[in-house]
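*Asks:* sequence and predicted model, in that order:
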Amino acid sequence: MTTKNQLDELKRRFINASDTEREEIDKEIAAAIDHAPEAVATITLAQIKETNERAEADLIRSRLKNILPAISLAYVAKTYFGKSRQWLCQRINGNLVNGKPARFTPAELRTLDAALKDLAARLSEIRVF
């Protein structure tokens with residue numbers, strides 16, 4: 001039986017492999033597909049979803065990289081989410097919480113987007129002279 005761990009290992013090896021090694025790994029993947037096509041399809045879909053989640057988290061971190069040093073995460077967390085700075089940082093950084101990477105829900109992403117727009121509007125209204 002083909003397992004997720006086996007396919008994760010093949011994926012890891014494929015990423016780091018030379019062209020010759022990739023041909024061998026392709027054969028192993030083809031054999032797994034021949035042996036259990038539905039299981040491989042289900043596992044591959046799960047791998048795609050995991051990769052997509054990691055990419056989304058990386059994208060959020062990348063978009064926030066330049067602004068994070070300039071704003072108070074404690075203020076954003078408390079004011080807009082009613083949570084702690086640690087809670088917000090865990091989601092921004094994808095830290096493990098209870099064994100799983102912390103992620104924003106779609107509603108939390110909308111809240112974060114609205115919070116940043118609100119802060120931007122407030123900053124743009126400030127005049128010092």
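*Replies:* The structure has been received and is ready for your questions.
*Asks:* list the contacts for the residue nearest to Thr3 when sequence neighbours are not counted?
*Replies:* With CB to CB, 6 or more residues apart in numbering as the criterion, Thr3 has its nearest non-adjacent residue at 7.6 Å, and that residue is Ile43. (C-beta placed from N, C-alpha, C; glycine too.) When contacts are counted by CB atoms under 8 Å, 6 or more residues apart in numbering, Ile43 touches 2-4, 7.
*Asks:* mind listing which of those are in helices?
*Replies:* Among these, the members found in helices (DSSP state H) are 4, 7.
*Asks:* need the max-distance pair from the contacts of Ile43.
*Replies:* Put simply, by CB to CB the two of the contacts of Ile43 set farthest apart are Thr2 and Lys4, 8.5 Å from each other.
*Asks:* which strand or helix spans the residue nearest to Thr3?
*Replies:* Secondary structure from DSSP states H and E places Ile43 in helix 37-64.
*Asks:* next secondary structure after that helix?
*Replies:* Helix 37-64 is succeeded, C-terminally, by helix 73-76 (DSSP H and E).
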